[in-house]
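My questions are about this predicted structure, shown below with the sequence.
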Amino acid sequence: MTLTTLLAAAVIGLTPFSGNLPSDTQNAPAKLRNGDVVSLVVMGYTEYSGDYAVQSDGAIYPAGLGRIEISGLTLIEAQNRIAGLLKRVIKEPHTSLGLKQQRKNVIYTTSDNPALKEIELLPELDLRRVISQIVPTADADEVEVTVYRKGDVIATTVASEAISGKPSWTGPFMADDLVVVVPTARIRAWVIGSVTNPGRVRLRPGDDLYRAVSSVGAIVVPNDGTQRDELSIRLRRGPDLYTFPTTPSASYKNFIVESGDVITVDLPSAIKVTMAGSVKNAGSLTVHEGTTVREAIGRAQGTTAEANWQDVMIFRGDQIFHESMPTLERPSPNSLVLQSGDFVYVPTLSKSFVVLGQVQRPGRYVMRPEKTYHVADALAEAGGLVAGGTYRRLTIVRGSASGKVTTINVNLDDYLKQGKLEANPLLQPEDVILMGTAKSTLIEDLTRPITAFFLFQNLFKK
């Protein structure tokens with residue numbers, strides 16, 4: 001490069017370059033890019049000199065020289081290319097090419113407006129910051145964002161996910177990346193009823209009923225004993241009404257939501273029934289429509305120990321229904337569904353026996369209708385023997401309708417040790433089992449001051 005060329009470059013404030021300078025002396029970027037502005041000085045030829053911006057096609061257009069593509073070249077390579085073209089019109093051209101303005105590193109965005117928008121590529125730039133500049137927050141869940149790099153798709157996400165700080169792609173961006181924002185079609189429907197955030201929802205085409213319900217939060221189950229499966233989901237579409245359980249069944253096929261649908265999570269309708277008899281919480285009871293007899297008993301805090309589960313009576317107007325349950329834990333599979341105004345009566349067991357003497361829990365015990373009771377069962381109900389008690393001295397006191405009292409001496413030890421069934425006799429209602437000590441039976445002690453008949457009639461009557 002001649003001294004004249006160096007002085008000319010210095011005058012106009014450029015970084016001068018010549019093919020004779022090594023590349024490690026360059027302060028400009030390694031490659032020219034679209035948008036950079038270069039200054040060309042051709043000594044003695046002002047008609048070719050001037051400032052030229054690298055256009056979007058990668059070329060500059062000096063007057064009289066036509067199109068010269070320099071994007072992607074170093075300044076030295078671009079200067080040599082220009083000098084080669086000038087030799088067509090100038091025998092020995094002296095040229096200098098400098099970088100007057102370097103284009104900032106940017107990314108491009110485009111949406112419904114086809115014009116590209118530039119965003120400066122700063123170190124902290126991420127997808128959330130880009131989207132917040134070009135997508136209104138209210139529309140974020142209706143916009144799909146795609147990031148292109150050199151024509152290839154490197155990321156696709158929903159704008160709302162990026163704004164919330166949970167994008168599927170976190171970057172980093174590179175210069176000239178293109179962010180394309182495309183509005184997506186949305187289905188608008190209503191989800192109301194027993195849900196966390198009832199209101200209007202915007203769904204993607206193809207979203208089904210349960211996706212719509214989950215978009216407004218959880219299903220709210222009242223804290224009154226109601227079970228989730230007692231609630232239902234209704235979808236109204238014009239004149240048509242569809243009903244679904246709150247949890248998809250195995251046979252469920254996607255029911256696609258359409259714009260204008262109204263989805264309601266319904267609590268079961270309430271009815272009032274009356275509970276009476278051997279229940280812990282007798283009186284008026286509010287239950288949900290569809291509640292069975294067994295479920296109503298559970299809502300009444302269950303039954304007392306003397307309840308007769310095998311003959312529960314339900315009074316409905318002039319009708320009487322009977323329901324038998326094997327046990328309270330195993331209700332009838334066809335338990336009657338109650339109606340508003342029903343009167344449920346759980347009768348009390350009338351059959352019982354008494355255990356007295358050397359046992360842990362002396363007292364009266366009801367006889368469940370589904371079970372038979374032997375002497376060993378009675379002893380188990382009473383908690384077993386206390387210290388000093390014996391299996392060998394046991395007496396059954398049994399009355400009759402005529403008032404006659406008989407006593408039966410039993411050696412339960414023969415049953416427990418030798419398996420003699422006759423030593424473990426079957427009990428009858430109102431039997432009194434007296435567990436004695438090793439020295440005497442309880443009946444011997446009791447009958448000294450009073451007769452066995454008096455004992456039966458006065459001490460062991462219910």
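Now that the structure is in, tell me what you want to look at. Numbers count the residues shown, from 1 in each chain.

what about the stretch 201-350 of the chain, any weak spots by pLDDT?
Within the stretch 201-350 of the chain, the ranges that satisfy pLDDT under 70 run 326-333.

all helices of it, in order?
209-214, 293-299 (DSSP state H, counting those that start in this stretch).

May I see those organised as a markdown table, with distance to Ser340 added?
All C-beta spots, glycine's among them, are computed from the backbone N, C-alpha and C. A markdown table is the format used below for these (distance: least, C-beta to C-beta, whole Å):
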| stretch | distance to Ser340 |
| --- | --- |
| helix 209-214 | 29 |
| helix 293-299 | 12 |
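
and the ones you listed as a markdown table, adding mean neighbour count and distance to Gly357?
Putting the helices of the stretch 201-350 of the chain into a markdown table (neighbours: other C-beta atoms under 10 Å; distance: least, C-beta to C-beta, whole Å) gives the following:
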| stretch | mean neighbour count | distance to Gly357 |
| --- | --- | --- |
| helix 209-214 | 19 | 64 |
| helix 293-299 | 21 | 36 |
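
Just give the number of residues close to the closest residue to Ala63 other than its chain neighbours.
Using C-beta to C-beta, 6 or more residues apart in numbering and skipping the chain neighbours, the partner closest in space to Ala63 is Glu47 (6.1 Å). A count of nearby residues for Glu47, using other C-beta atoms under 10 Å, gives 10.

next one: phi and psi at Glu47?
Note on Glu47: its backbone torsions stand at phi -70, psi -20 [degrees, to the nearest 10].

residues contacting Thr226?
Contact partners of Thr226, counting by C-beta atoms under 8 Å, 6 or more residues apart in numbering, are 267-268, 288.

for the helices of the stretch 201-350 of the chain, which one sits closest to Ala307?
helix 293-299 (8.6 Å; C-beta to C-beta).

picking up where we left off before, so which of the contacts of Thr226 is surrounded by the most neighbours?
Going by other C-beta under 10 Å, His288 tops the contacts of Thr226 with 20 neighbours.

Wait, that residue touches Pro268, no?
Yes. If you go by C-beta atoms under 8 Å, His288 and Pro268 touch, sitting 3.5 Å apart.

intersection of neighbour lists for these two?
226, 230.

sorry, back to before: the residue nearest to Ala63 and Ile90, how far apart?
11 Å (C-beta to C-beta, to the nearest Å).

what's the answer for Trp169, then?
Counting by C-beta to C-beta - Trp169 and Ile90 are separated by 53 Å.

So Ala378 lies in a helix, does it not?
Yes. Note on Ala378: a helix contains this position according to DSSP: H, G, I helix; E, B strand; the rest coil.

Okay, it and Lys420: tell me how far apart.
17 Å.

neighbour count winner among these two?
When Ala378 and Lys420 are compared for neighbours, Ala378 comes out ahead with 23 against 13, by other C-beta under 10 Å.

Isn't Phe321 up against Leu336?
Yes. Between Phe321 and Leu336 there is a contact at 5.7 Å, judged by C-beta under 8 Å.
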